[in-house]
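Give me coordinates for this.
(one chain, ligands or ions: 1)
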Amino acid sequence: MFEDIVTQQQLDSITRLLQRTERIVVIGHQNPDGDAVGAVLGFMRWASLINDEAEVQGVLPDAYPDFLQWLPCANTIMRYDKKSAEVSALMENAGVLVCLDFNDYNRVGALEPILREYKGEIIHIDHHLNPTVKADIVVSNPQASSTSEMVLKMVIQNGDFDKMNRKFYIPIFTGMMTDTGNFSYSNASPDTYYLVSELLRKRVNREVIARNVYDNFSEWRLRLLGYVMNRKLVNISRLHASYFTLTREEMLRFNFIRGDAEGLVNMPLQIKGQKLSISLREDTTNPNIVWVSTRGAYDFPCDELCKRFYNGGGHSKASGGKIYGTIDDAVRITLDAINYYAELLK
Ligand SMILES: [Mn+2]
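Here you go, the predicted structure:
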């Protein structure tokens, strides 16, 4: 079947904790992605099955992207930036806090002090390296493609898979899909595909889910993409690297809304042999901040690049940062950065 990620003993302590509390709060990280939202919704469902008398509440530090709005019950999750007093009270009075899809306190933004001071029991489930959140039960599995996958394994291992419904199957599938780039990245393991086949048996409609998530842009965003790739992309083909800028004026012209720049930086990596793509975007209000996003291929270390040149960091294949300066400053720094790595890029 698949490799278990918890011992039976761990699983029993988790279900026992959930059974003996009246209030369960399930939280994810800030700027929540498909896995954070999927795992939170999936776990909420499971917690309600294990303890149908408990009040189960999902909490996120801030908004999830528009392309996740259709997920069943997504609108029941409370946002700390919208209802901070209510969320604080809820967390302080919870019997169990379940932390999903983040390894460190700094990943929950404004929720950090509440989480640090929380006195009740904490269950922590995550697939990022080096979990530092202090918890009573830690389920850490960096090999897992997503936290949603980990939650699904626990549900199957506990014999609860057939007792769930689409409010579980759909968010969990969505979390697994988004964290694996539609099941195309190398983090998708044989276990991942086995679990997907189990979800397909439950009649999860993967075509509808993929369309809801990936084909959710406005006409303006498509025209912006064409404009950027045609007019703004600067490709240094000798070094297999490229960058583009996006100014406030251009964003206004294309009726830019949050999320429209998402994914643009991935496109130049479609050029054969391309190793590095950099996006430089002016802040929408502060003229002296430029947001930087980088994507790499062939083992180019984006995290190191962003640490050295862009006050940032991240993963080796995808990192970000920011520049305190104008867009012209950002271009100058970027040309320096590309030249700095010329040997590696050649
Ligand atoms: Mn994740």
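
Going by C-alpha atoms from here, please, whenever you check contacts or count neighbours.
Will do.

got the contact list for the helix or strand containing residue 319?
Residue 319 belongs to strand 318-324 when assigned by DSSP states H and E. Where contact means C-alpha atoms under 8 Å, 6 or more residues apart in numbering, the residues beyond strand 318-324 that reach it are 288-296, 302-303, 306-307, 310-314, 330.

and what of stretch 229-243?
Residues lying outside stretch 229-243 but in contact with it, judged by C-alpha under 8 Å, 6+ apart, are 244-246, 268, 273-280, 334, 338, 342, 345-346.

Just the ones in strands from these, please.
Among the contacts of stretch 229-243, the ones falling in strands (DSSP state E) are 244, 245, 246, 276, 277, 278, 279, 280.

Could you work out the most separated pair of the residues you listed?
Pairwise distances among these were taken by C-alpha to C-alpha; the largest, 17.6 Å, belongs to 246 and 276.

Between these two, point out the one with more neighbours.
When residue 246 and residue 276 are compared on other C-alpha atoms under 10 Å, the one with more neighbours turns out to be residue 276, at 28 against 19.

Run through the bridge partners of that one.
Beta-bridge pairing of residue 276 under DSSP bridges involves residue 241, residue 296.

Could you check how far it is from the ion?
Using C-alpha to the ion, to the nearest Å, we find residue 276 at a distance of 23 Å from the ion.

contacting residues around that residue?
Taking C-alpha under 8 Å, 6+ apart as the criterion, residue 276 is in contact with 240, 241, 242, 269, 294, 295, 296, 297, 300, 345.

Now with 10 Å, please.
236, 239-243, 265-266, 268-269, 294-302, 317-318, 338, 345 (C-alpha atoms under 10 Å, 6 or more residues apart in numbering).

Residue 69 now?
With contacts defined as C-alpha under 10 Å, 6+ apart, residue 69 is in contact with 37, 75, 212, 213.

likewise residue 26?
The neighbourhood of residue 26, defined by C-alpha under 10 Å, 6+ apart, consists of 39-41, 43-44, 47, 56-60, 77, 91, 94, 96-100, 122-124.

Work out the gap between the strand holding residue 319 and the centre of the chain.
Mean C-alpha position of strand 318-324 versus that of the full chain (C-alpha atoms, centre = their mean, to the nearest Å) differs by 17 Å.

Which PyMOL command selects the buried ones in the ones in strands among the contacts of stretch 229-243?
Burial among these is assessed by 16 or more other C-alpha atoms under 10 Å; the matching PyMOL selection reads:
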select buried, resi 244+245+246+276+277+278+279+280
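
which residues in the stretch 101-250 of the chain form strands?
Remark: strands of the stretch 101-250 of the chain, listed N- to C-terminal, are 121-126, 137-140, 234-236, 241-246; assignment by DSSP state E, counting those that start in this stretch.

Mind putting the ones you listed into CSV with distance to residue 110 and mean pLDDT?
Putting the strands of the stretch 101-250 of the chain into CSV (distance: least, C-alpha to C-alpha, whole Å; pLDDT from 0 to 100) gives the following:
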stretch, distance to residue 110, mean pLDDT
strand 121-126, 18, 98
strand 137-140, 23, 97
strand 234-236, 38, 98
strand 241-246, 29, 98
